[in-house]
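>>> sequence and predicted structure below; questions after.
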Amino acid sequence: MGKLFEYRNVIEDKVKSMGTDAFKVKGQIGLKSGLVIGMIQANTPDDPEQVRALRAAVKEVLGLAD
Amino acid sequence: MKISSLRVKVIGVVLICLLAAATGILTVVHLNFTRETEQITRDAIAEAQRVFQNLEKADINKMSAVLEAILSNDRFSGSYTEAHRQALYAEAKPLFARMKSEYHFTLWQFNNPESVGTVFLRLHHPSQFGDPLKRWMYDECVRTKALVAGKELGHSGFALRVMMPQMDSHGHILGYVEVGEEIGRFFGIMQAQTGNQCALALKKSLLQRDKWIDFRKSQGKPDNWDELKEIVLADRTTENAELMNAQIDIDSLPNGGEVLGRVSSGDATYVRGVFPVFTADGKRSGDVLVAKDMTAAFAHLHSLELKVAGLIFGVMVVISVVIGFMLNSWVFRRLDNMIEVATCVVGGDYEREIRKSANDEVGEFEYLFDQFRKVFLGLVKAHTA
């Protein structure tokens, strides 16, 4: 399981617990990072640039640190 | 709302345009009023000048008629001899008293012929005679042997005089007779006719300081010699010094007068103008300052400017609200909707559609954006299959 998929799971869990519009939050993260969260699979290879972008987007939208 | 937002930019541009328009309108109102004020001042100068000249003409006519009557009366004729002076004085004194009290004459003078060239008798100063006549009017009357009239500048200010030769029955010149009056009373009449304040100033270079101060003392008036640099005020309709005092360069004044601008005195606002006064020999010797009370007009302008500013502010608010509302419903709300749909689609809500909401430029973009969503959706499906 790669880093990108780990982030996807973190995002899904957080969005569920927030009870807000899940699509909108995931869309905001996706648009900021340049990734479609729903398309990240367990076997999706980690591109360091994409990981960095996703981490930054998660931090900005969800306020989660590493 | 971010400062870089299109909404802020558009509303900002609209407000700047409206502010520029407001400034332009207020400037035009102000310039128009300034121009109007200048014209009113020019009219006031022209009116004062006309009244002044009319008074001068009327009084010259009056004095000419009186002088003709005097010269046709044998009682005031005879040889210009020492023995005749006292008899002439006794004969003329009662008439001169009436001329002074009823018709504003201040001067009646018999001058010797040019062969002698001195004053023979002054009815207004009987003890002073025999002094040489070095005046333009006397020289002109000697030269033309006809009536000469006009203003002369004496120690106490301008006097309007008329002089004619006195001849015997054979047409020989006996002497020259003149009558005159001070012009100070003109300004009271001018004020009554025009409603404007007036002041007469004289060139200091044509006066003698000591004699001027003595004259002022004899009139019970304070010494005002040093109030102004080049000129001294002789007559004025108001004692308001800040209104009437103005340093004028008489030599550079246009013949038709000049606008001096606005001056405030207490709660009142005046516009002032000035025109030159010439002596009989054509020299610029003084000026008449005219002050017109424009307090009501300036108060009206201030009120008008406030109303215009208030109206423009109101219009700015209404226009901003209307433009903001129109832009919001025609552009921004639809863009916001597209952004939200795009965000949700990227977030996994593939069923959210963007509907073309109007047949305009944004509607075209909505249509294209939904087509793009469908392409995106196809790619996602292909990737996840």
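Arrived safely, thanks for sending.

>>> is stretch B:375-385 positioned near chain A?
Yes: on the criterion C-beta under 8 Å from any C-beta of the partner chain, stretch B:375-385 is in touch with chain A at B:380, B:383, B:384. No exception for glycine: its C-beta is placed from N, CA and C like everyone else's.

>>> name the nearest of those relative to residue A:21.
Of all the residues of stretch B:375-385 next to chain A, residue A:21 sits closest to residue B:380, with 19.1 Å by C-beta to C-beta.

>>> correct me, but that closest one touches residue A:30?
No: look at residue B:380 against residue A:30 with C-beta atoms under 8 Å: they stay out of range, at 11.4 Å.

>>> for residue 13, which three-state class applies?
Here I'm looking at chain A. Of the three states, residue A:13 takes helix under DSSP: H, G, I helix; E, B strand; the rest coil.

>>> wrong one, I was asking about chain B
helix.

>>> C-terminal to the helix or strand in which residue B:58 is found, what's the next element?
Applying DSSP states H and E as the criterion places residue B:58 in helix B:6-71. Beyond helix B:6-71 on the C-terminal side, the first helix or strand identified by DSSP H and E is helix B:82-103.

>>> quick check: angle from that following helix to helix B:6-71?
Between the axes of helix B:82-103 and helix B:6-71, defined by axes from the mean of the first three to the mean of the last three C-alpha atoms, to 10 degrees, the angle is 140 degrees.

>>> report the distance from helix B:82-103 to the chain centre.
Remark: helix B:82-103 is offset 44 Å from the chain centroid, using C-alpha atoms, centre = their mean, to the nearest Å.

>>> try stretch A:7-25
9 Å.

>>> quick one: the residue in chain A sticking out farthest from the centre and residue A:31, what's the gap?
What lies farthest from the middle of chain A is residue A:19; by C-alpha atoms, centre = their mean that is 16.5 Å. Note on residue A:19: its distance to residue A:31, by C-beta to C-beta, to the nearest Å, is 21 Å.

>>> spell out the secondary structure type for residue B:246.
Following three-state DSSP, the label given to residue B:246 is coil.

>>> that one: neighbouring residues, count only.
If you count neighbours by other C-beta atoms under 10 Å in any protein chain shown, residue B:246 ends up with 19.

>>> residue contacts, the closest residue to chain B within chain A?
Residue nearest to chain B within chain A: residue A:27 (3.0 Å; C-beta to the nearest C-beta). Applying C-beta atoms under 8 Å, 6 or more residues apart in numbering or on different chains, we find residue A:27 in contact with B:342, B:343, B:344, B:345, B:346, B:347, B:348, B:349.

>>> got the residues of chain A near chain B?
Within reach of chain B by C-beta under 8 Å from any C-beta, chain A has these residues: A:21-31, A:36-39.

>>> out of residue B:380 and residue A:30, which sits in the more crowded spot?
Neighbour comparison, residue B:380 and residue A:30: the larger count goes to residue A:30, with 26 against 17 (by other C-beta under 10 Å).

>>> and the more buried one, how far from residue A:17?
Residue A:30 is 19 Å from residue A:17, where distance means C-beta to C-beta.

>>> residue B:293 now?
Separation of residue B:293 from residue A:17 (C-beta to C-beta): 81 Å.

>>> all helices of chain A, in order?
Assigned by DSSP state H, chain A shows helices spanning A:3-18, A:22-33, A:48-62.

>>> need those helices in TSV (columns: mean pLDDT).
Listed next are the helices of chain A as TSV, based on pLDDT from 0 to 100:
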stretch	mean pLDDT
helix A:3-18	91
helix A:22-33	93
helix A:48-62	93
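
>>> list, one by one, the residues from chain B near chain A.
So chain B meets chain A at B:340, B:342-349, B:352, B:380, B:383-384 (C-beta under 8 Å from any C-beta).

>>> quick one: mean pLDDT over stretch B:305-319.
Per-residue pLDDT values over stretch B:305-319 give a mean of 86.

>>> with only the CA atoms kept, save that stretch in PDB.
The C-alpha coordinates for stretch B:305-319 follow below in PDB (Å, rounded to 0.1, in the frame of the first residue of the first chain):
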ATOM      1  CA  GLU B 305     -22.700  71.600  -4.300                       C
ATOM      2  CA  LEU B 306     -23.800  69.700  -1.200                       C
ATOM      3  CA  LYS B 307     -27.000  68.600  -3.000                       C
ATOM      4  CA  VAL B 308     -25.200  67.500  -6.100                       C
ATOM      5  CA  ALA B 309     -22.600  65.600  -4.000                       C
ATOM      6  CA  GLY B 310     -25.500  63.900  -2.000                       C
ATOM      7  CA  LEU B 311     -27.400  63.100  -5.200                       C
ATOM      8  CA  ILE B 312     -24.300  61.700  -6.900                       C
ATOM      9  CA  PHE B 313     -23.500  59.600  -3.800                       C
ATOM     10  CA  GLY B 314     -27.100  58.300  -3.800                       C
ATOM     11  CA  VAL B 315     -26.900  57.500  -7.500                       C
ATOM     12  CA  MET B 316     -23.500  55.800  -6.900                       C
ATOM     13  CA  VAL B 317     -25.000  53.600  -4.300                       C
ATOM     14  CA  VAL B 318     -28.000  52.700  -6.400                       C
ATOM     15  CA  ILE B 319     -25.900  52.000  -9.500                       C
END
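
>>> what's the distance between residue B:196 and residue B:308?
The gap separating residue B:196 from residue B:308 is 29 Å, by C-beta to C-beta.
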